[in-house]
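In: fold the stuff below for me.
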Amino acid sequence: MRGQISIDLILAFMMIMVISIFLYNNIINFSDSLISGVLADKVYEVANKIENYALLAYSNNNSLAVVLKPIGEENYVIYVANYTINVTHPITIILTPTKDGVMIKGNINYSVNNTIYGFNLSKGNIILIEYSEGYIAKNTSILFR
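Out: Next up is the predicted model:
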């Protein structure tokens, strides 16, 4: 009878360990995908912020300064029209209205590569943001020059 109790106890601990490992694996996988989803959402917020400020500058016919910051420690690259904006630290861009859209000025680089991930950026109405886990592309309702 004494031997039977110890075998049952060992089997019970083994079963608890198997269940614990299964739950731990599911929680870790869920939190990894949750973090990826939150990061993608934050990157999309940056695209929305740029578009909203561009629309505001265009409709009010005033130049606006926009400060772009890294998302936590996550750096990203913004491709708009023929421009590349590397956001590795807080950076200010200026959106100036023109007769047919908005011009971007500031600490930006001119880019000769107009096609990235199959998107033709030379049309000027696409904001593409590339980050460590992928990219977000947003078709905007305003043209960037």
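In: so what pLDDT did residue 3 get?
Out: For residue 3, the model assigns a pLDDT of 56.
In: need the residue closest to the centroid of this protein.
Out: residue 43 (2.4 Å; Cα atoms, centre = their mean).
In: that one and residue 129 touch, don't they?
Out: Yes - with contact defined as Cβ atoms under 8 Å, residue 43 reaches residue 129; the gap is 5.2 Å. (Glycine included, C-beta is placed from N, CA and C.)
In: show me the strands in the protein, by range?
Out: With DSSP state E as the criterion, the chain has strands at 64-68, 76-80, 83-87, 91-98, 101-106, 109-110, 115-116, 119-120, 126-131, 134-139.
In: okay, the ones you listed in JSON lines with mean pLDDT, distance to residue 6 and mean neighbour count next?
Out: Below are those laid out as JSON lines (pLDDT from 0 to 100; distance: least, Cβ to Cβ, whole Å; neighbours: other Cβ atoms under 10 Å):
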{"stretch": "strand 64-68", "mean pLDDT": "95", "distance to residue 6": "64", "mean neighbour count": "15"}
{"stretch": "strand 76-80", "mean pLDDT": "94", "distance to residue 6": "58", "mean neighbour count": "22"}
{"stretch": "strand 83-87", "mean pLDDT": "93", "distance to residue 6": "61", "mean neighbour count": "19"}
{"stretch": "strand 91-98", "mean pLDDT": "94", "distance to residue 6": "66", "mean neighbour count": "17"}
{"stretch": "strand 101-106", "mean pLDDT": "92", "distance to residue 6": "73", "mean neighbour count": "18"}
{"stretch": "strand 109-110", "mean pLDDT": "88", "distance to residue 6": "71", "mean neighbour count": "9"}
{"stretch": "strand 115-116", "mean pLDDT": "80", "distance to residue 6": "65", "mean neighbour count": "13"}
{"stretch": "strand 119-120", "mean pLDDT": "82", "distance to residue 6": "66", "mean neighbour count": "14"}
{"stretch": "strand 126-131", "mean pLDDT": "93", "distance to residue 6": "54", "mean neighbour count": "20"}
{"stretch": "strand 134-139", "mean pLDDT": "92", "distance to residue 6": "53", "mean neighbour count": "15"}
